[in-house]
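Undergrad: next input, structure requested:
(chains A and B)
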There are 2 protein chains.
Amino acid sequence: MTIAIVGGTGPEGSGLALRWARAGENVVIGSRDAGRASVKAAEIGEQLSPGDAGVPAGAETSGAENSEACRAAEIVVLTVPFQSHAETLKQLKPVLRAGQILVDATVPLAASVGGRPTRTLGVWQGSAAEQAAEIVPEGVAVVGAFHNMAAELLHREGPIDCDVIVCSDNKEAGKRVRELARKIPGVRAVDGGKLENARIVEQITALIIGLNIRHKGVAGIRITGLPPQAYDN
Amino acid sequence: MTIAIVGGTGPEGSGLALRWARAGENVVIGSRDAGRASVKAAEIGEQLSPGDAGVPAGAETSGAENSEACRAAEIVVLTVPFQSHAETLKQLKPVLRAGQILVDATVPLAASVGGRPTRTLGVWQGSAAEQAAEIVPEGVAVVGAFHNMAAELLHREGPIDCDVIVCSDNKEAGKRVRELARKIPGVRAVDGGKLENARIVEQITALIIGLNIRHKGVAGIRITGLPPQAYDN
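TA: Predicted coordinates for the structure are as follows:
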């Protein structure tokens, strides 16, 4: 399985790439600039050691222009700023194909249009993830996930104290993305229901950013009170 | 200090009343019907034992019609269904006075108008809490809090595994409500910033309700990654 990370040179995308590469996944860093993508992929490669428990000999991290990255992948992860969200998806539309999973981690922060990172924009479709679902070709399963996990935590060593709430209208795709989330040490992934629920999960990021500013931390969230099997399906 | 709980015969209000009564606070259960309020207050009284560590001899739980309850209180907690939110506040307006704190735990669930409890309504002011702030007399400090704590957890014995995110434009009022939240065993209270952030905290409740239905649990949330002092101010 190959994972393409569109916007993979940014802090969130490169952090996810690093964690998945450590877990032995084949990751392609995507960028508008193939050269920058390759440089970032090499940087990530240097952070892996062959002794890493999760890094089999065959796992690869490479870089490519965004469209090329998507062509090679079964799972495409979108980690672009919201101001590039719709445009990037329109550009990728010709190479996306039925059967692929598009994981959207985008948050419509008001900072996208010069506002505050602690506020969100109203998105006509309800959420960035639902905007994505409107743009991608039929048969591409859109999954909202990884919104609430700070890039800084992904780039730190060690387990991450954060749950990933996964929203999708495609049950099988949601399950695959939860499995992918669980490859990051410490993470519990939970089925957050339909894609429309990404409206809420996306907004939580703005709240977390406010908590970080106010309390000088790197916040995440954990869901309490669910039975263990909620994190195991 | 006296705490009035408007809508205090409901599951959330009576749960908060029980927890605060156990902690030795004077609580007045408010209801449209003074008789029902008194019955509920007596029920709560029966659940307390004089031996409870937190119950001093002087602590009282009583019942009153909503307006009467508010007259007696320094802190008024609003736990009514959203369909009664604006109307209840308009009725209480003549008895609310500058210097009081109004704690709003209301969530604008779509269930209020026959929709799903996993979806929210758009509130013109942005949130139920901001709607409250528009209605109350000048000088009443509105604080959004306790949205994400299930009534069922409040009525159980023992500590609650949930954080309370407190939003207010009045810093002193927010601090007092965080202190009140911390009287519930297990609860950590954190400053969630301005009242407008209640938009996000209210919506989290709809997400939690969805998780409960999907995974058969009684979910709450914990914030991770903040320094200890975030829960101590």
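Undergrad: in what helix or strand does residue A:67 lie?
TA: helix A:66-71 (DSSP states H and E).
Undergrad: return the set of buried residues in that helix.
TA: Across helix A:66-71, burial judged by 16 or more other C-beta atoms under 10 Å in any protein chain shown covers A:66-71. For the C-beta atoms, the positions are set from N, CA and C on the backbone; glycine is no exception.
Undergrad: what about the strands in chain A?
TA: Here chain A has its strands, by DSSP state E, at A:2-6, A:26-31, A:61-65, A:75-78, A:101-104, A:141-144, A:163-168, A:188-191, A:220-224.
Undergrad: who wins for proximity to chain B among the ones you listed?
TA: strand A:220-224 (4.2 Å; C-beta to the nearest C-beta).
Undergrad: angle of the closest one against strand B:163-168?
TA: 120 degrees (axes from the mean of the first three to the mean of the last three C-alpha atoms, to 10 degrees).
Undergrad: partners of strand A:220-224, with directions?
TA: strand B:220-224 (antiparallel) (DSSP bridges).
Undergrad: what lies in contact with the strand it pairs with?
TA: A:161-162, A:208, A:211, A:219-225, B:148-150, B:153, B:160-163, B:165, B:188, B:190, B:204, B:208, B:230 (C-beta atoms under 8 Å, 6 or more residues apart in numbering or on different chains).
Undergrad: before we move on, back to that, what does the helix holding residue A:67 contact?
TA: In contact with helix A:66-71 (C-beta under 8 Å, 6+ apart) are residues A:4-8, A:28-32, A:34, A:37, A:63, A:76, A:88, A:91-92, A:94-96, A:100.
Undergrad: where in chain A is pLDDT low?
TA: Applying pLDDT under 70 to chain A flags the ranges A:50-59.
Undergrad: longest helix in it, by residue count?
TA: Ranked by number of residues, the top helix in chain A under DSSP state H is helix A:198-215.
Undergrad: mind listing what's buried along it?
TA: Neighbour-count burial for helix A:198-215 [16+ other C-beta under 10 Å]: A:198-212, A:214-215.
Undergrad: and stretch A:114-126, by the same measure?
TA: Here stretch A:114-126 shows A:117-121, A:123, A:126 as buried, counting by 16+ other C-beta under 10 Å.
Undergrad: name the residues that touch it?
TA: Stretch A:114-126 is contacted by residues A:82, A:107-113, A:130-131, A:133-134, A:196, A:198-199, A:202-203, A:206-207, A:209-210, A:213, B:193, B:196-197 when judged by C-beta under 8 Å, 6+ apart.
Undergrad: tell me which residues touch residue A:7, please.
TA: The contact partners of residue A:7, by C-beta under 8 Å, 6+ apart, come to A:13, A:30-31, A:66, A:78-81, A:84, A:88.
Undergrad: and the closest residue to it other than its chain neighbours, how far from chain B?
TA: Nearest residue to residue A:7 in three dimensions, chain neighbours excluded: residue A:80, at 3.7 Å (C-beta to C-beta, 6 or more residues apart in numbering or on different chains). Counting by C-beta to the nearest C-beta, to the nearest Å, the gap from residue A:80 to chain B is 22 Å.
Undergrad: enumerate the residues of chain A near chain B.
TA: Residues of chain A lying near chain B by C-beta under 8 Å from any C-beta of the partner chain: A:118-119, A:150, A:153, A:161-162, A:165, A:190-193, A:196-197, A:199-201, A:203-204, A:206-208, A:210-211, A:214-227, A:229-230.
Undergrad: what's the neighbour count on residue A:34?
TA: 16 (other C-beta atoms under 10 Å in any protein chain shown).
Undergrad: cool, and residue A:139?
TA: What residue A:139 shows, counting by other C-beta under 10 Å, is a neighbour count of 11.
Undergrad: same question, residue A:94
TA: For residue A:94, using other C-beta under 10 Å, the count is 10.
Undergrad: same question, residue A:35
TA: 10.
Undergrad: for it, what are its contacts?
TA: Contacts of residue A:35 (C-beta under 8 Å, 6+ apart): none.
Undergrad: for it, give its distance to residue A:65.
TA: According to C-beta to C-beta, to the nearest Å, residue A:35 and residue A:65 sit 9 Å apart.
Undergrad: which residue packs closest to residue A:117, ignoring adjacent ones?
TA: Using C-beta to C-beta, 6+ apart and skipping the chain neighbours, the partner closest in space to residue A:117 is residue A:111 (4.2 Å).
Undergrad: tell me how far the one you found lies from chain B.
TA: 15 Å.
Undergrad: what count of nearby residues applies to that residue?
TA: 19.
Undergrad: please look at residue A:159 and residue A:186 and confirm they touch.
TA: Yes - shown here, residue A:159 and residue A:186 form a contact pair, counting by C-beta atoms under 8 Å, at 2.8 Å.
Undergrad: which one's more surrounded, the two?
TA: Using other C-beta under 10 Å, the more surrounded residue of residue A:159 and residue A:186 is residue A:186, with 14 against 11.
Undergrad: so how far is residue B:124 from that one?
TA: 41 Å.
Undergrad: and what of residue A:38?
TA: From residue A:38 to residue B:124 the distance is 50 Å (C-beta to C-beta).
Undergrad: how about residue A:87?
TA: Residue A:87 sits 31 Å away from residue B:124, going by C-beta to C-beta.
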